[in-house]
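what's the 3D shape of this:
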Amino acid sequence: MSDEEPPAGWTVEQRRQYTPADSDREMEYRTYRHDSGDLRVRVAPASIDGEDRPGYAITTTTYPGLEFSESETIRYVLRFEGCDDLARRFMTLFEAQYSGADTFDAALEYATDRTRASTAHESG
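Presented below is the predicted three-dimensional model:
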């Protein structure tokens, strides 16, 4: 599923596959940008931000490129395909609630709450 077009309202900003020097496993990295330009969703190895955990992370960045931008990791998943599928679910949920700048925060909260793992299922 990871090679499909992104959900409506989103574009693939960057797509990359690479093999780290200390591994023989190919890793993937993908960023999506909402058509408003105000939200970026990144699916990348959890270790890319210094996390000492396996797998991939879904990270959102609000107002990317601006000095008041904020990033938040909302979910960790072991495999890229599963992480990308959840990121696409997040994007679909966000788009369903978003209808302009005045609904941005509510749409972000809605999608985040429904994508984030419950504490009963989050592996730590």
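
CA only for contacts and neighbour counts going forward, please
Will do.

so what's Tyr29 closest to, chain neighbours aside?
Leaving aside its sequence neighbours, Tyr29 sits nearest to Ala44 (C-alpha to C-alpha, 6 or more residues apart in numbering; 4.5 Å).

How much space separates that neighbour from Asp24?
Ala44 is 17 Å from Asp24, where distance means C-alpha to C-alpha, to the nearest Å.

Would you mind listing where the protein has pLDDT under the threshold?
1-3, 21-23, 118-124 (pLDDT under 70).

which stretches of this structure form strands?
All strands of the chain, identified by DSSP state E, fall at 10-18, 27-34, 39-45, 56-62, 70-77.

Need the winner for burial among these.
strand 39-45 (a mean of 25; mean count of other C-alpha atoms under 10 Å).

List the strands paired with it, with their directions.
strand 27-34 (antiparallel), strand 56-62 (antiparallel) (DSSP bridges).

residues in contact with the shortest one?
Around strand 56-62, the neighbours that count as contacts under C-alpha atoms under 8 Å, 6 or more residues apart in numbering are 38-47, 69-80, 83, 87.

you'd agree Pro20 is up against Glu26?
Yes: using C-alpha atoms under 8 Å, Pro20 is in contact with Glu26, at 7.4 Å.

which neighbours do these two share?
In contact with both Pro20 and Glu26: no residue, using C-alpha under 8 Å, 6+ apart.

Arg114: which of the strands paired with strand 39-45 is closest?
strand 56-62 (13.1 Å; C-alpha to C-alpha).
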